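J.: The following comprises the amino acid sequence and a computationally predicted model.
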Amino acid sequence: RKEVEQDPGPFNVPEGATVAFNCTYSNSASQSFFWYRQDCRKEPKLLMSVYSSGNEDGRFTAQLNRASQYISLLIRDSKLSDSATYLCVVPSGAGSYQLTFGKGTKLSVIP
Amino acid sequence: EAGVAQSPRYKIIEKRQSVAFWCNPISGHATLYWYQQILGQGPKLLIQFQNNGVVDDSQLPKDRFSAERLKGVDSTLKIQPAKLEDSAVYLCASSSSRDPYEQYFGPGTRLTVT
């Protein structure tokens, strides 16, 4: 299994739709997980952290299944401004707070 | 609070030439990272500094890449000589000891090697 593997995408969804991204990871010792958002030609920015079974922030919900080594990000009521690439990020296990980034899943929200 | 600064924003060079990138992290952030992001991929860590010391440079191609952070603040990344496959965005990030997993990225330097 690759260190971090994400849905290939792209996802093209209409405004108001609910969309979910999946991510699997190989390091079973990881205790924390992250979703970063990267707009086109911009830098990545932290969207959500997940330290236990899940986390919710407004329209965004991240869920963690440790047994299956699986993380998901759910976006409800999609907005045009949600269009971006979503990067699943896992501690690399090398220590020193290093992160391993997935390839990202591109989301386009269509009017 | 000022963010992570990087320069230049864009650079076009020919293969076998050399290039240098500069990064100034957020004030007070002891940890600094350099990443390479190839189109369609996630950022890949090249080197991590803690203050002015190297924590991990295992993924830095040391035959052509070098990096330094002499005074524990700003940092430079150099490529000499460049190859076509070095075309990528080079991202600098920093983090604080309070929240070490929240990395703040600079805008990146987009390098094209022709």
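T.: Perfect, I can see it now.
J.: most centrally placed residue in chain B?
T.: Closest to where the C-alpha atoms of chain B average out (C-alpha atoms, centre = their mean) is residue B:34, at 3.0 Å.
J.: mind checking how far that residue is from residue A:106?
T.: 25 Å (C-beta to C-beta, to the nearest Å). Placement of C-beta: from N, CA and C, glycine included.
J.: tell me the pLDDT at the residue of chain B found nearest chain A?
T.: Closest to chain A within chain B is residue B:42: 3.3 Å, counting by C-beta to the nearest C-beta. What the model reports for residue B:42 is a pLDDT of 96.
J.: Run a quick check on it versus residue A:99, I expect a contact.
T.: No. In this structure residue B:42 lies outside contact range of residue A:99 using C-beta atoms under 8 Å: 9.6 Å.
J.: Point out where the chain drops to low pLDDT.
T.: Defaulting to chain A. Regions of chain A meeting the criterion pLDDT under 70 cover residues A:1, A:93-95.
J.: Oops, wrong one, chain B.
T.: B:1.
J.: residue with max distance from the center of it?
T.: Furthest out from the centre of chain B (C-alpha atoms, centre = their mean) sits residue B:98, at 22.0 Å.
J.: Which strand or helix spans that one?
T.: For residue B:98, there is no helix or strand it lies in under DSSP states H and E.
J.: got a list of what residue A:59 touches?
T.: By C-beta atoms under 8 Å, 6 or more residues apart in numbering or on different chains, residue A:59 lies in contact with A:75-77, A:79.
J.: let's see it at 7 Å
T.: By C-beta atoms under 7 Å, 6 or more residues apart in numbering or on different chains, the contact list for residue A:59 reads A:75-77.
J.: Repeat that for residue B:91.
T.: Residue B:91 makes contact with A:43, B:35, B:37, B:43, B:105-106, B:108, according to C-beta under 7 Å, 6+ apart.
J.: Pull the residues that contact stretch B:74-81.
T.: B:16-24, B:32, B:34, B:49, B:64-69, B:86, B:90, B:92.
J.: change it to 8 Å
T.: Contacts for stretch B:74-81 (C-beta under 8 Å, 6+ apart): B:15-25, B:32, B:34, B:46-47, B:49, B:64-69, B:86, B:90, B:92, B:111.
J.: What is the neighbour count of residue A:55?
T.: 17 (other C-beta atoms under 10 Å in any protein chain shown).
J.: related to what we said a few turns ago, buried subset of the contacts of stretch B:74-81?
T.: Buried by 16 or more other C-beta atoms under 10 Å in any protein chain shown: B:19, B:21, B:23-25, B:32, B:34, B:46-47, B:49, B:65-67, B:69, B:86, B:90, B:92, B:111, out of these.
J.: Name the residues of chain A found near chain B, please.
T.: A:4, A:32, A:34, A:42-46, A:49, A:87, A:89, A:91-92, A:94, A:96-104 (C-beta under 8 Å from any C-beta of the partner chain).
J.: Apply 10 Å and report the result again.
T.: Taking C-beta under 10 Å from any C-beta of the partner chain as the measure of proximity, chain A contacts chain B at A:4, A:6, A:32-34, A:36, A:38, A:41-46, A:49, A:51, A:85, A:87-89, A:91-92, A:94-104, A:106.
J.: Among those, name the ones in helices.
T.: Counting by DSSP state H, none of the members of these fall within helices.
J.: could you flag which of those residues are buried?
T.: If we count by 16+ other C-beta under 10 Å, the residues of chain A next to chain B have these buried: A:4, A:6, A:33-34, A:36, A:38, A:43-44, A:46, A:49, A:85, A:87-89, A:91-92, A:94, A:97-104, A:106.
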